[in-house]
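[1] Turn this into a structure:
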Amino acid sequence: MPSTSYSQTTFHFFKTDSLTPKQLELVQSSWDKVEPIADTAADIFYTKMFETEPSFRELFPKDMTKQKKALMKMLGMAVKGITNLDELVPKVQDLGRRHAKYYKVTVPMYQTVGACLLYTLEKGLGDIWTPEHKEAWALTYTILADVMIATHN
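    Numbers count the residues shown, from 1 in each chain. This is a model prediction of the structure:
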């Protein structure tokens with residue numbers, strides 16, 4: 001899915017017109033099923049990401065316990081906050097600035113992360129994962145990634 005950077009104002013418009021109520025419900029209801037398996041989901045995500053892009057491993061601490069918890073907390077915050085963009089967007093922008101400044105995250109890295117997130121959700125959710133879930137999550141991730149990318153200088 002092609003990604004374009006958006007200002008905060010455009011992000012509101014883009015989200016409203018692009019993420020349907022059904023897609024929003026699919027993302028939020030599937031996240032409710034991920035939360036009980038958060039540790040497993042985080043393991044799947046980082047295993048897949050480091051297999052896909054081994055150079056990413058050096059960006060993370062040796063002990064991934066805190067990082068895995070932070071990932072799941074951030075995803076939960078984003079999923080729950082997608083209905084309150086005035087509160088969510090500044091948090092996601094801050095996350096984008098930190099990733100660019102401290103971790104030297106580049107725009108192409110977001111594609112890998114998004115693919116690994118979709119893989120994780122598919123594996124973690126098993127039989128309930130559908131093409132509609134994939135589309136809804138891909139769009140949600142694209143929206144959030146675009147907000148983060150827009151903060152890169």
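
[2] so where do the helices sit in the chain?
    Counting by DSSP state H, residue ranges of the helices within the chain are 8-18, 21-34, 38-52, 65-81, 85-103, 107-125, 131-149.

[3] got the contact list for the second one?
    The set of residues external to helix 21-34 that reach it, using CB atoms under 8 Å, 6 or more residues apart in numbering, is 41, 75-76, 79-80, 82-83, 121, 124-125, 128-129, 132-133, 135-137, 139-140. Where you see a C-beta, it was placed from the backbone N, CA and C, and this is true even at glycine.

[4] same thing but at 10 Å, please
    The list of residues contacting helix 21-34 from outside it, by CB atoms under 10 Å, 6 or more residues apart in numbering, reads 15, 19-20, 40-42, 72, 75-76, 78-80, 82-83, 120-121, 124-126, 128-130, 132-141.

[5] just the buried members of these?
    Applying a neighbour-count criterion of 16 or more other CB atoms under 10 Å, the buried members of these are 15, 19, 41-42, 72, 75, 78-79, 82, 120-121, 124-125, 129, 133, 136-141.

[6] so where is this protein shaky, pLDDT-wise?
    Applying pLDDT under 70 to the predicted model, the residue ranges of the chain that meet it are 1-17.

[7] looking at it, which residue lies furthest from center?
    K62 (22.2 Å; CA atoms, centre = their mean).

[8] Got the phi and psi for it?
    The phi/psi pair for K62 (degrees, to the nearest 10) reads phi -60, psi -50.

[9] A150 too?
    When quoted as degrees, to the nearest 10, the phi and psi of A150 stand at phi -60, psi -20.

[10] That one contacts Q93, correct?
    Yes: in this structure, A150 is within contact of Q93 by CB atoms under 10 Å, at 7.5 Å.

[11] Go ahead and confirm L88 touches M148.
    No: judged on CB under 10 Å, L88 makes no contact with M148 at a distance of 11.9 Å.

[12] Distance from the chain centre to stretch 102-117, please.
    Averaging C-alpha coordinates over stretch 102-117 and over its chain gives two centres that are 10 Å apart (CA atoms, centre = their mean, to the nearest Å).

[13] Pull that stretch out as CSV, backbone CA atoms only.
    In CSV, the C-alpha atoms belonging to stretch 102-117 read as follows (Å, rounded to 0.1, in the frame of the first residue of the first chain):
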residue,chain,number,x,y,z
TYR,A,102,17.5,8.4,18.9
TYR,A,103,17.2,5.2,16.9
LYS,A,104,17.9,6.7,13.4
VAL,A,105,14.8,5.0,12.0
THR,A,106,14.4,5.8,8.3
VAL,A,107,11.3,5.8,6.2
PRO,A,108,12.0,2.4,4.5
MET,A,109,12.1,0.7,7.9
TYR,A,110,8.4,1.4,8.4
GLN,A,111,7.6,-1.0,5.5
THR,A,112,9.4,-3.8,7.2
VAL,A,113,7.8,-3.1,10.6
GLY,A,114,4.4,-3.0,9.0
ALA,A,115,4.8,-6.3,7.2
CYS,A,116,6.1,-7.9,10.5
LEU,A,117,3.1,-6.5,12.3
